[in-house]
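Novice: quick one, fold the following:
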Amino acid sequence: MNPDLDGAFDAIEETSPLVNCITNAVTVNDVANAALFWGGLPVMSDDENDVVDMVAGADGLLLNMGTTDEAGVETMLAAGRSAMDHDVPIVLDPVGVGATPARDETARRLTTDLDIAVINGNYGEITALAGETADVRGVESVGDYSEIARDATAVAADTGAVVVASGATDVVATADRAFEIEAGHELMGRFVGTGCMQGVTQAVFAGAVAETLDAVLAGTLAYGRAGERAAAGAYGDFEGPASYRTAFLDAIAGLAAAEAAPDEERITELD
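Specialist: Reported below is the predicted structural model:
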């Protein structure tokens, strides 16, 4: 199956969803550009005195745990409560959960206190959220995760969120359904920030598309296809990971629904 990419792209164009991003200091510029290049309107408010009002008028909220301190957690919670009050979908990127007790506690507070629409993490992070043993070094997932679909489904059942586990093959799960998405390119893992940009991709699509699962399937496939198109040279030549990063951002900006929809089906629903 392939999702309704035409409908998703049209919805983003018509809505120009405003997405407030509370994200990490390492990739803030890439996150803002990815949101803009998809057709969203990024705002990076992370001051508790401002963010509550900003989120009240937004279409999506991204909470990224990459470089969060205690004050940042309280700001995320305040922003999340505002999002819940105004029916704004919340996307959580639980960066580095499973690596330290502090990150585990932050993820627990966010998923317990807030109504999260989408959780976007790598295999290790999603496995850690499921309460299983995960090998997370810093913010990177290493090791083997043969039960990732099971673990993603468990996290979805526990939180009520649509869960994305990103890896060589992305897995999207709800409490009772799981899908594998074959899209992307290995070069996407050669520079810092692709996970963060995938998180804001989910926020842009969820901010425009009415059904969250439809939004996530479309966003995940489109994101992977942008990586493939960049690797194929459709957006310029590149010599290594740094120039590929530029081509990848150009692919996000220039990707049309027709390019995002491959001839063959890339999404398989698992039994």
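Novice: how many neighbouring residues does residue 13 have?
Specialist: 11 (other C-beta atoms under 10 Å). No exception for glycine: its C-beta is placed from N, CA and C like everyone else's.
Novice: go through the longest helix anywhere in the chain and flag the buried ones.
Specialist: What stands out as the longest helix in the chain, according to DSSP state H, is helix 212-231. Using 16 or more other C-beta atoms under 10 Å as the test for burial, helix 212-231 gives 212-231.
Novice: before we move on, what about stretch 74-83?
Specialist: 75-80, 82-83.
Novice: any low-confidence regions in the stretch 101-250 of the chain?
Specialist: 133-146 (pLDDT under 70).
Novice: and the helices in it?
Specialist: Ranges of helices in the stretch 101-250 of the chain, per DSSP state H, counting those that start in this stretch, are 101-113, 123-129, 148-159, 194-208, 212-231, 241-254.
Novice: how about JSON lines for these, with distance to residue 19 added?
Specialist: As requested, the helices of the stretch 101-250 of the chain are arranged in JSON lines below (distance: least, C-beta to C-beta, whole Å):
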{"stretch": "helix 101-113", "distance to residue 19": "17"}
{"stretch": "helix 123-129", "distance to residue 19": "21"}
{"stretch": "helix 148-159", "distance to residue 19": "20"}
{"stretch": "helix 194-208", "distance to residue 19": "5"}
{"stretch": "helix 212-231", "distance to residue 19": "12"}
{"stretch": "helix 241-254", "distance to residue 19": "14"}
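Novice: and residue 265, which of the ones you listed is closest to it?
Specialist: With C-beta to C-beta as the measure, helix 212-231 is the member of those nearest residue 265 (10.2 Å).
Novice: give me the helices and strands touching that closest one, please.
Specialist: Here helix 212-231 touches helix 5-15, strand 118-122, strand 162-166, strand 170-173, strand 178-181, helix 194-208, helix 241-254, helix 257-260, going by 3 or more C-beta pairs under 8 Å, 6 or more residues apart in numbering; DSSP states H and E.
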